[in-house]
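Visitor: can't give you the sequence, but here's the structure:
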């Protein structure tokens, strides 16, 4: 039991890390990773939704009729996304403003629905929570690392939380602002995917 | 038949529980969200409009009922002794939805003190200049409340932002709405702040 629990948790951190291994959830990955802070915020919001929707779907897996299961999943996921949206508005308003439309769009993030359909609906609640937590943390780490690459090259700073950079390269560095624009997201993600494939190559 | 009923029952139950839960969260966070909007959206605009007021416009705010809903009013006492009021209107038809505009009007001279964009979802670098670059909104400074605040392209008096005419037009719509509201509400505003 403990072994399979650890297995379900750690698979999300490397073997099935969502944007890099499964190449899922690219819409928020490309759109919000201008800074590390945005990436972490988006990742944590998605993790919350993943954990709780996985938990609830797993508890209700025998009560949900198979024919309307997707509709049920969407209702459950949308509920948690709206809770995240309201809580972010109340407590981290500036972050809510920068993430904007991508918070409600977590509802249609294929990682969340994918875990519900492929894992939570077939496994016990404890395993489903471990799976959601692992995938969520993997997603957060991916967004944060992509955000770090883009922010460092594109703005010469690293912002972890609260809007103030914790690290700045200095005035001699001329920011390569292409990297914080939309095309830079594709280039950075492509290069990171290539690196991941190179490391994982046997 | 049994299957059909169970589908209906499960979906109905899920939707009702979800609705109830969201209503509870919404009412629990409502007050705080309003404070946050005030602090992060309205306060910066008001501070940049009322640079030399002798009172605290945020603390002395009051609500007025209009046809379109409740309107928050921020009164300001200017350095020269004249009274002004600031309130937020929304211009329809921006590139990414409605654009919020905080408009301050001098009650004694019936002139605009100025206007600042509060919320928008316009394209960064193009439409977002309506908020970030004050040269566009500073065209509203000291305009009489009966001036034609449409864009020059619409036979008005305001220069559009090059490359972002749609955004600029939505901002002027908000300003024109503010003019209309002001002329309707002026007696009530004066009553509230004597």
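Guide: Perfect, I can see it now. From a predicted model like this one, the values you see are computed outputs, not experimental measurements.
Visitor: where does chain B have low pLDDT?
Guide: B:194 (pLDDT under 70).
Visitor: all strands of it, in order?
Guide: B:62-66, B:69-77, B:83-94, B:97-106, B:111-117 (DSSP state E).
Visitor: now do chain A
Guide: A:157-158, A:167-168.
Visitor: deepest of those, which one?
Guide: For the strands of chain A, average neighbour numbers computed from mean count of other Cβ atoms under 10 Å in any protein chain shown are highest in strand A:157-158, which has a mean of 17. Where C-beta positions appear, they are placed from N, C-alpha and C, glycine not excepted.
Visitor: which residues are in contact with that one?
Guide: Here strand A:157-158 makes contact (Cβ atoms under 8 Å, 6 or more residues apart in numbering or on different chains) with A:35-36, A:148, A:151-152, A:165-169.
Visitor: thought residue A:155 was touching residue A:180?
Guide: Yes. Assessed by Cβ atoms under 8 Å, residue A:155 is found in contact with residue A:180 at 6.0 Å.
Visitor: out of the strands of chain A, name the one with the poorest average pLDDT.
Guide: Comparing mean pLDDT across those, the weakest is strand A:167-168, with a mean of 84.
Visitor: neighbouring strands - and their directions - for that one?
Guide: strand A:157-158 (antiparallel) (DSSP bridges).
Visitor: list the contacts for the residue lying closest to residue B:29 once chain neighbours are set aside?
Guide: Take residue B:29 and drop its neighbours on the chain: the residue closest to it by Cβ to Cβ, 6 or more residues apart in numbering or on different chains is residue A:90, 4.0 Å away. Contact partners of residue A:90, counting by Cβ under 8 Å, 6+ apart, are B:29, B:32-33, B:36.
Visitor: if any of those residues are buried, put those into a ChimeraX selection.
Guide: Buried residues within the contacts of residue A:90, by 16 or more other Cβ atoms under 10 Å in any protein chain shown, are selected in ChimeraX with:
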select /B:29,33,36
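Visitor: most widely separated two among the contacts of residue A:90?
Guide: The distance between the two most remote of the contacts of residue A:90 (Cβ to Cβ) is 9.5 Å, for B:29 and B:36.
Visitor: overlap in contacts, those two.
Guide: Joint contacts of residue B:29 and residue B:36 (Cβ under 8 Å, 6+ apart) are A:89-90.
Visitor: chain B: helices as residue ranges?
Guide: Secondary structure of chain B (DSSP state H): helices at B:2-37, B:43-49, B:129-132, B:134-137, B:165-193.
Visitor: which residues touch residue A:89?
Guide: A:96, B:29, B:33, B:36.
Visitor: what's around the first one, how many residues?
Guide: The reference is to residue A:96. Using other Cβ atoms under 10 Å in any protein chain shown, residue A:96 has 22 other residues around it.
Visitor: how about it: what's its closest non-neighbour residue?
Guide: Spatially, and ignoring its direct neighbours in sequence, residue A:96 is nearest to residue A:88 (4.4 Å; Cβ to Cβ, 6+ apart).
Visitor: does stretch B:99-117 come close to chain A?
Guide: No. Stretch B:99-117 lies out of reach of chain A by Cβ under 8 Å from any Cβ of the partner chain, never closer than 12.1 Å.
Visitor: in that stretch, what counts as buried?
Guide: B:99-107, B:111-117.
Visitor: hang on, residue B:26 packs against residue A:86?
Guide: Yes. With contact defined as Cβ under 8 Å, residue B:26 and residue A:86 form a contacting pair (6.1 Å).
Visitor: those two: which is more packed in?
Guide: Per other Cβ under 10 Å, whichever of residue B:26 and residue A:86 has more neighbours is residue A:86, with 19 against 13.
Visitor: before we move on, the earlier item: residue A:4: which of the strands of chain B is closest?
Guide: Here strand B:97-106 is closest among those (Cβ to Cβ), at 47.1 Å.
Visitor: what angle sits between that closest one and helix B:165-193?
Guide: Going by axes from the mean of the first three to the mean of the last three Cα atoms, to 10 degrees, strand B:97-106 is angled at 40 degrees with respect to helix B:165-193.
Visitor: which helices and strands sit right next to strand B:97-106?
Guide: When contacts are defined as 3 or more Cβ pairs under 8 Å, 6 or more residues apart in numbering or on different chains; DSSP states H and E, strand B:97-106 packs onto helix B:43-49, strand B:83-94, strand B:111-117, helix B:165-193.
Visitor: good, wrapping up.
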